[in-house]
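S.K.: everything below, folded, please.
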Amino acid sequence: MATLLFIDTAGENALVGVSQNNLLLAMEENTTANTHANFVQVAVESVLKKGNITIQALDAIVVTMGPGSYTGLRVGLASAKGIAYVLNKPIIGLSTLALLAKTAIETKICAAQDEQLQIFSMIDARRMEVFGAIYNKALMNVQPEQAIVLDKPYMEQLLLNGPLVCIGSGVTKTKTLLEHPNLFFLSETYNLQTCIELATIKFNAKAFEDLAYSSPAYIKDFYQKPASKD
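M.R.: This is a model prediction of the structure:
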């Protein structure tokens with residue numbers, strides 16, 4: 001089994017942890033916005049000390065690749081690359097949307113649905129837009145990560161394919177669009193245990209990121225304000 005270091009700076013809160021043999025040994029969390037860059041290195045030292053793990057004993061560095069905070073993703077990947085480069089260890093990249101989908105799959109709502117179930121992972125963007133992807137109950141991606149403008153017709157079209165479970169920070173705006181007996185909303189988010197489970201699968205498959213060329217999944221690099229009609 002692997003000894004893994006986790007760095008997640010994709011969201012408002014940042015998480016750093018260390019696991020061994022699928023067991024989370026130690027974790028640090030930062031809840032102060034715009035301070036993830038200062039938090040990560042200190043947190044790495046802290047979790048390794050708490051977990052009684054030397055940095056040389058790490059088998060891989062795990063980092064969330066997004067989508068998420070533009071600045072946060074840059075901070076997390078840069079930190080992961082720096083550690084991996086010095087130690088000559090591989091990087092495992094995790095999708096925040098896949099992590100949300102895995103979290104949803106493990107809930108009672110999803111367990112009660114048939115194989116036609118769709119899991120709509122969504123991260124809030126601007127206005128009625130989300131960064132989203134759709135997965136099935138086997139955690140296979142059936143609609144790739146992309147920027148999606150939410151409206152009632154779009155949601156109704158999705159529901160033609162089967163029950164739909166929405167999870168992530170975009171849920172609040174989605175609830176305002178329509179009510180439907182096959183439409184469900186989850187308030188849960190992923191945690192480091194979910195990261196451990198997906199990272200272990202990738203580690204065993206040797207599904208590593210390219211240290212030199214990997215980049216965060218920004219989906220959109222920037223938001224351009226529409227031109228005025230005046």
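S.K.: what is the end-to-end distance of stretch 177-193?
M.R.: 32 Å (Cα to Cα, to the nearest Å).
S.K.: just the buried positions in that stretch, please.
M.R.: For stretch 177-193, burial by neighbour count (16 or more other Cβ atoms under 10 Å) applies to L177, L183, F184, L186, Y190, L192. C-beta here means a position set from N, CA and C on the backbone, and glycine is covered the same way.
S.K.: take those and keep only those in strands.
M.R.: Mapping these onto strands (DSSP state E) picks out L183, F184, L186.
S.K.: contacting residues around the first one?
M.R.: Okay, so that is L183. Going by Cβ atoms under 8 Å, 6 or more residues apart in numbering, L183 touches M155, L159, P163, L164, C166.
S.K.: pretty sure the first one contacts L178?
M.R.: It stands for M155. Yes: the pair M155 and L178 passes the contact test of Cβ atoms under 8 Å, sitting 5.8 Å apart.
S.K.: can you get me a residue count around L158?
M.R.: 18 (other Cβ atoms under 10 Å).
S.K.: excluding sequence neighbours, find me the nearest residue to it.
M.R.: Among residues not flanking L158 along the chain, L164 sits closest, at 5.4 Å (Cβ to Cβ, 6 or more residues apart in numbering).
S.K.: ok so, going back, which pair of the contacts of L183 spans the longest distance?
M.R.: Greatest spatial distance among the contacts of L183 (Cβ to Cβ): M155 and P163, at 12.4 Å.
S.K.: of the two, who's got more company?
M.R.: Shown here are M155 and P163; by other Cβ under 10 Å, P163 has more neighbours (20 against 17).
S.K.: how about T9, what does it touch?
M.R.: With Cβ under 8 Å, 6+ apart, T9 has these contacts: H36, V40, T64, G68, S69, G72, L73, V75, G76, S79.
S.K.: which non-adjacent residue is nearest it?
M.R.: Using Cβ to Cβ, 6+ apart, the closest residue to T9 is G76 (3.7 Å).
S.K.: quick one: list the elements packing against the helix or strand hosting that neighbour.
M.R.: In the assignment (DSSP states H and E), G76 maps to helix 70-87. The contact analysis (3 or more Cβ pairs under 8 Å, 6 or more residues apart in numbering; DSSP states H and E) places helix 70-87 against strand 3-8, helix 36-50, strand 60-66, strand 91-95.
S.K.: the closest residue to I123 other than its chain neighbours is in what secondary structure piece?
M.R.: Closest residue in space to I123, ignoring its immediate chain neighbours: F131 at 4.6 Å, by Cβ to Cβ, 6+ apart. In the assignment (DSSP H and E), F131 maps to strand 129-135.
S.K.: from D114, how far out is the spatially most central residue of the chain?
M.R.: Closest residue to the average C-alpha location of the chain: T96 at 1.2 Å, with Cα atoms, centre = their mean. Separation of T96 from D114 (Cβ to Cβ, to the nearest Å) stands at 27 Å.
S.K.: nearest to N136, of the helices and strands packed on helix 70-87?
M.R.: strand 91-95 (15.1 Å).
S.K.: helices or strands up against the closest one?
M.R.: Checked by 3+ Cβ pairs under 8 Å, 6+ apart, strand 91-95 has strand 60-66, helix 70-87, helix 192-204 packed alongside it.
S.K.: if anything else comes up later, I'll come back, but that's it for now.
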